[in-house]
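Enquirer: next input, structure requested:
(chains A and B, ligands or ions: 1)
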Amino acid sequence: MDDMYRDYILDHYKNPRNFGELEGATHTYHDSNPLCGDEMTMQLRIGDGSVEDVHFTGKGCAISQASASILTEEVKGKTLDEVKAIDRDHVLANLGIPISPARIKCALLGLKTLKGAAWGLTAWPGEEVKTR
Amino acid sequence: MAVTVKTPTVKASPLDVGRIRKDFPILAQTVRGKPLVYLDNAATSQKPRQVIDAMTRVFEEHNANIHRGVYEFSERTTAAFEEARAKVARFINAPSEREVIFVRNATEGLNLVAYAWGRDNIKRGDRIVTTVLEHHSDFVPWQQLAAEVGAEVAVVDIDDDGRLRRDQLSAELRKGVKLLAITHTSNGLGTVNPVKQIATEARAAGATVLVDVAQAVPHTPVDVQDLGADFVAFSGHKMLAPPGSGGLWGRADILEKMRPFLYGGDMISRVTVKLTEWNELPWKFEAGTSSYVDAIALGAAVDYLTDVGVAKIHAHELSLVAYLLPRLQEIGGVTVYGPKDLESRVGVVSFNIEGIHPHDVATIFDREGVCVRAGHHCNQPLMTRLGVPATTRASMYLYNTTDEMDALVNAIHAAKKVFGV
Ligand SMILES: Cc1ncc(COP(=O)(O)O)c(C=O)c1O
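Expert: Modelled structure (predicted):
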């Protein structure tokens, strides 16, 4: 069996969970991976300080899509504080596959986008879009 | 009506690739037990022993800063540096060595023009014409300059085969043009633009013509006088030389009138507390200690390419494309972007496999020992035009073989198997 493209990774890629627009979202954040041009949007509906629902949309590689899909399954029902506390090691461990340095950004795009949504950001600190 | 259908016919390569490969130590490496198949030459090329030795010789035999010392080592290094300039000038048929400025890479050369020429010559309301094929380094400097001074940028489109829309280009030139910034050869699709005809047309319309030859000089003979350009820029690292070497060529009459780009040592002729006089060409544009070892190695790379023959390298690349294209088109779900024939192109083949993101393609290829580039290739406007976030790009050079094209095809099958598509 392939040690990176495992069946569950490919399954999350081909059938992403919680994919699509979220009705009544209270928190939305969009980000991209400048290396490959992948785009991702995470939407949360927060009620009573907890994640009632979460959806994501985007286009990207198997690693970024599977990682985001797995993450959305995990955060449903968690409190906003719990979501803010999720770190990269946790996400990488959950993904359960070896990630080379070149693919780390793919594996963490979902987390970065989720955090942006959870913190109510419009731009990632230090990465505010500069057009001029 | 007679219709000519162009199908790639396999032409024999004029190169003795077996012999050439022996000059490149890195090509003997294996990756995870498989032979290294290096197909990312549009990003950077590998280096022959002759170039590596040229660098070692400087460090071991006569290293000293150039244009300064009066002792023998400095004189020898300076002579080697200026000899490299002469070689580069001959290689691109520059009328004079004074017109060849050593820069770190094409990007620096293009920015030099954007700052030292652009800020004095592009005014509010002026028009800059460029194309959707440009690398970001020949796009962002003009976009930013235009935003700064209030000029306008017109971006000429391509057709569905990745060829520049000449009708649109002519129309844009007719509307008025101060600068045409155009790539000679596309790093994303491998298209070679008919730059000579375009330059004639643009100059007649009153434009200064800048040509990005970063993908041209390594792969096709380039003669700047024949091209009819005012500026060209290229990177040494894509043509067997080390990173840190590169060239900007400009017409002397234009360079003479330009202000310097960077200020400092070496670019002055006299400094008083009140004022400074500039050094003469080309040193006026070479402030600070140049990457002189890299430049000397660029001279060695030019010698190597001249020995092999750039026209032969181009013919060799076309023979690989002729071999590869029909094999790619036989594989279900593979889409090739850009020209599908051998007309006016180089050995760059961009493609996607349906259902697999280019990043995943490149990861699986890597395990097969096949190095390709996956991404937007610093061509985001082009990717947008193609309607894809990214492509997988195989780019060839003088040392690649048909066996390596087979390895690429096998790697595609491996990727399809992993993804079940
Ligand atoms: C057509 C073209 N222009 C410019 C560049 C920029 O080269 P560098 O990064 O060496 O400055 C590249 C490099 O990919 C290129 O392909």
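Enquirer: quick check, B:Val348 in contact with B:Gly188.
Expert: Yes - B:Val348 lies in contact with B:Gly188 (C-beta atoms under 8 Å); the separation is 7.5 Å. C-betas here are computed from N, CA, C, even on glycine.
Enquirer: neighbour-wise, which of these two wins?
Expert: B:Gly188 (31 against 27; other C-beta atoms under 10 Å in any protein chain shown).
Enquirer: so what's the residue lying closest to that one once chain neighbours are set aside up against?
Expert: Distances taken as C-beta to C-beta, 6 or more residues apart in numbering or on different chains put B:Asn379 closest to B:Gly188, at 4.1 Å, once the chain neighbours are dropped. Taking C-beta atoms under 8 Å, 6 or more residues apart in numbering or on different chains, we find B:Asn379 in contact with B:Leu133, B:Glu134, B:His135, B:His136, B:Ser186, B:Asn187, B:Gly188.
Enquirer: chain A: which of those is nearest?
Expert: Comparing the contacts of B:Asn379 against chain A with C-beta to the nearest C-beta places B:His136 closest, at 11.1 Å.
Enquirer: leaving out the residues flanking it, which one is nearest to that closest one?
Expert: B:His136 sits nearest to B:Cys378 (C-beta to C-beta, 6+ apart), 4.3 Å away.
Enquirer: that neighbour: helix or strand, and which one exactly?
Expert: Assigned by DSSP states H and E, B:Cys378 belongs to no helix or strand.
Enquirer: spit out the contact partners of it.
Expert: By C-beta under 8 Å, 6+ apart, B:Cys378 lies in contact with B:His135, B:His136, B:Ser137, B:Asn187.
Enquirer: and chain A, which residues reach chain B?
Expert: Residues of chain A lying near chain B by C-beta under 8 Å from any C-beta of the partner chain: A:2, A:4-5, A:10, A:35-39, A:59-63, A:100, A:102-103, A:106, A:132.
Enquirer: could you give me the buried positions within the strand or helix carrying B:Ala414?
Expert: Following DSSP H and E, one finds B:Ala414 within helix B:402-419. By 16 or more other C-beta atoms under 10 Å in any protein chain shown, the buried positions in helix B:402-419 come out as B:402, B:404-405, B:407-409, B:411-412, B:414-416, B:418-419.
Enquirer: stretch B:299-316 - what's its average pLDDT?
Expert: Averaged across stretch B:299-316, the pLDDT comes to 98.
Enquirer: off-centre distance for that stretch?
Expert: Computed by C-alpha atoms, centre = their mean, to the nearest Å, the separation of stretch B:299-316 from the middle of its chain amounts to 15 Å.
Enquirer: do stretch B:343-352 as well
Expert: Worked out by C-alpha atoms, centre = their mean, stretch B:343-352 lies 14 Å from the chain centre.
Enquirer: CA atoms of it as CSV?
Expert: C-alpha atoms of stretch B:343-352 as CSV (Å, rounded to 0.1, in the frame of the first residue of the first chain):
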residue,chain,number,x,y,z
GLU,B,343,6.6,24.8,-34.9
SER,B,344,8.3,27.7,-32.9
ARG,B,345,8.7,26.0,-29.6
VAL,B,346,11.2,24.6,-27.2
GLY,B,347,11.4,21.5,-25.0
VAL,B,348,8.8,22.6,-22.4
VAL,B,349,5.7,20.4,-22.1
SER,B,350,3.0,21.5,-19.7
PHE,B,351,0.1,19.1,-18.8
ASN,B,352,-2.4,18.0,-16.3
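Enquirer: and it, is it in reach of chain A?
Expert: No - if you take C-beta under 8 Å from any C-beta as the test, stretch B:343-352 misses chain A, and the best it gets is 12.2 Å.
Enquirer: how about that stretch, which residues are buried there?
Expert: Of the residues in stretch B:343-352, those buried under the neighbour-count criterion (16+ other C-beta under 10 Å) are B:Arg345, B:Val346, B:Gly347, B:Val348, B:Val349, B:Ser350, B:Phe351, B:Asn352.
Enquirer: again with stretch B:280-289
Expert: Buried-residue list, stretch B:280-289, by 16+ other C-beta under 10 Å: B:Leu281, B:Pro282, B:Trp283, B:Lys284, B:Phe285, B:Glu286, B:Ala287.
Enquirer: just the contacts of B:Asn379 now: which is nearest A:Glu82?
Expert: Closest to A:Glu82 out of those is B:His136 (40.3 Å), distances taken as C-beta to C-beta.
Enquirer: okay, that closest one: pLDDT?
Expert: For B:His136, the predicted pLDDT is 97.
Enquirer: show me which residues of the stretch 101-250 of chain B are close to chain A?
Expert: B:Gln144, B:Ala147.
Enquirer: got a list of what A:Ala117 touches?
Expert: So A:Ala117 contacts A:His27, A:Thr28, A:Tyr29, A:Met42, A:Gln43, A:Leu44 (C-beta under 8 Å, 6+ apart).
Enquirer: B:Glu172 too?
Expert: B:Arg127, B:Val129, B:Ala154, B:Val156.
Enquirer: rerun at 10 Å
Expert: By C-beta atoms under 10 Å, 6 or more residues apart in numbering or on different chains, the contact set of B:Glu172 is B:Arg127, B:Ile128, B:Val129, B:Thr130, B:Thr131, B:Ala154, B:Val155, B:Val156, B:Arg165, B:Leu180, B:Ala202, B:Ala205.
Enquirer: what is the third one paired to in the beta sheet?
Expert: Taking DSSP bridges, one obtains B:Ala154, B:Leu180 as the residues bridged to B:Val129.
Enquirer: and it, how many residues sit next to it?
Expert: B:Val129 - counted by other C-beta under 10 Å - has 27 other residues nearby.
Enquirer: can I assume it is in contact with B:Leu164?
Expert: No - in this structure B:Val129 lies outside contact range of B:Leu164 using C-beta atoms under 10 Å: 11.4 Å.
Enquirer: now do the shared contacts for these two.
Expert: Listed as contacting both B:Val129 and B:Leu164 by C-beta under 10 Å, 6+ apart are B:Val156, B:Ile182, B:Ile198.
Enquirer: and the residue nearest to B:Gly188, how close does it get to B:Thr191?
Expert: B:Asn379 sits 12 Å away from B:Thr191, going by C-beta to C-beta, to the nearest Å.
Enquirer: joint contacts of the two?
Expert: B:Leu133, B:Thr183.
Enquirer: quick revisit: which of the residues of chain A next to chain B fall in helices?
Expert: A:Leu10, A:Ala62, A:Ile63, A:Cys106 (DSSP state H).
Enquirer: if you rank the residues you listed by neighbours, which is first?
Expert: A:Ile63 leads these on contacts (other C-beta under 10 Å) with 29 neighbours.
Enquirer: does that one touch A:Arg6 like I think?
Expert: No - using C-beta under 10 Å as the test, A:Ile63 is too far from A:Arg6 to be in contact (11.2 Å).
Enquirer: list residues touching both of those two?
Expert: When contacts are counted by C-beta under 10 Å, 6+ apart, A:Ile63 and A:Arg6 are jointly contacted by A:His12, A:Leu95, A:Ile97.
Enquirer: near the ligand too, which of those?
Expert: Among the shared contacts of A:Ile63 and A:Arg6, no residue sits close to the ligand (C-beta under 6 Å from any ligand atom).
Enquirer: now the helix holding B:Ala414: mean pLDDT?
Expert: Here the average pLDDT along helix B:402-419 is 97.
Enquirer: any idea how far B:Asp23 lies from B:Thr30?
Expert: Noted for B:Asp23: a distance of 19 Å to B:Thr30, by C-beta to C-beta.
Enquirer: so which of the two has more stuff around it?
Expert: Neighbour count, other C-beta under 10 Å: between B:Asp23 and B:Thr30, B:Asp23 has more, with 19 against 9.
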